[in-house]
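S.K.: sequence? don't have it. structure:
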């Protein structure tokens with residue numbers, strides 16, 4: 001339970017895991033390489049590090065056991081690379097989800113703000129768009145308790161009436177200063 005909690009709520013846990021796995025793999029790989037090949041620990045650390053960042057399966061190793069150890073270290077390097085890619089993907093997806101949720105502030109000037117969402121609000125937005133006479137169209141920010149996706153789905157029914165206008169939907173509470 002505690003491990004699940006750490007991964008769910010602590011951002012640094014994944015990074016700590018990645019660094020820990022890398023260090024453990026370096027130590028195990030270097031020690032094993034040193035033991036089986038008889039090379040110095042410095043050489044073993046260099047070879048292991050090289051295999052982690054450039055996994056070639058030990059094709060440049062001169063002994064059988066050197067190739068075997070480099071092969072395992074190369075597989076570990078690929079797993080570490082996969083962990084890095086997973087962390088990057090998770091961060092990217094979280095950023096996209098944050099944008100899709102509509103919680104970012106609206107940075108706009110000369111716009112209308114509609115607080116709350118209902119069928120009447122949809123009619124109001126259509127009327128505002130029809131009354132707008134500027135060339136760049138009407139700018140409307142909607143602050144709703146409903147999710148951004150729900151409001152945008154409701155607005156899609158009026159696509160012909162609001163086309164050419166900028167409508168931004170944000171999720172929040174109208175009575176909360178941070179939401180405004």
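M.R.: Yep, that arrived. What you see is a predicted model, and the numbers here were worked out from it, not measured in a lab. Numbers count the residues shown, from 1 in each chain.
S.K.: pLDDT wise, what is residue 42 at?
M.R.: Predicted confidence (pLDDT) at residue 42: the value is 92.
S.K.: Report the secondary structure state of it.
M.R.: helix (DSSP: H, G, I helix; E, B strand; the rest coil).
S.K.: now do residue 13
M.R.: The local conformation at residue 13, judged by three-state DSSP, is helix.
S.K.: do you know how far the residue of the chain most remote from its centre is from residue 31?
M.R.: Farthest-out residue of the chain from its mean C-alpha position, per CA atoms, centre = their mean: residue 38, at 44.2 Å. As for residue 38, its distance to residue 31 is 13 Å (criterion: CB to CB, to the nearest Å). The way it works is simple: take the backbone N, C-alpha and C, and place the C-beta from them, glycine included.
S.K.: counting contacts, what elements does the longest helix along the chain pack onto?
M.R.: Secondary structure of the chain read by DSSP state H shows that its longest helix is helix 64-101. In terms of contact count using 3 or more CB pairs under 8 Å, 6 or more residues apart in numbering; DSSP states H and E, helix 64-101 is assigned the packing partners helix 12-37, helix 41-53, helix 148-155.
S.K.: how about JSON lines for these, with mean neighbour count added?
M.R.: Written out in JSON lines, the entries for the helices and strands packed on helix 64-101 read as follows (neighbours: other CB atoms under 10 Å):
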{"stretch": "helix 12-37", "mean neighbour count": "16"}
{"stretch": "helix 41-53", "mean neighbour count": "17"}
{"stretch": "helix 148-155", "mean neighbour count": "16"}
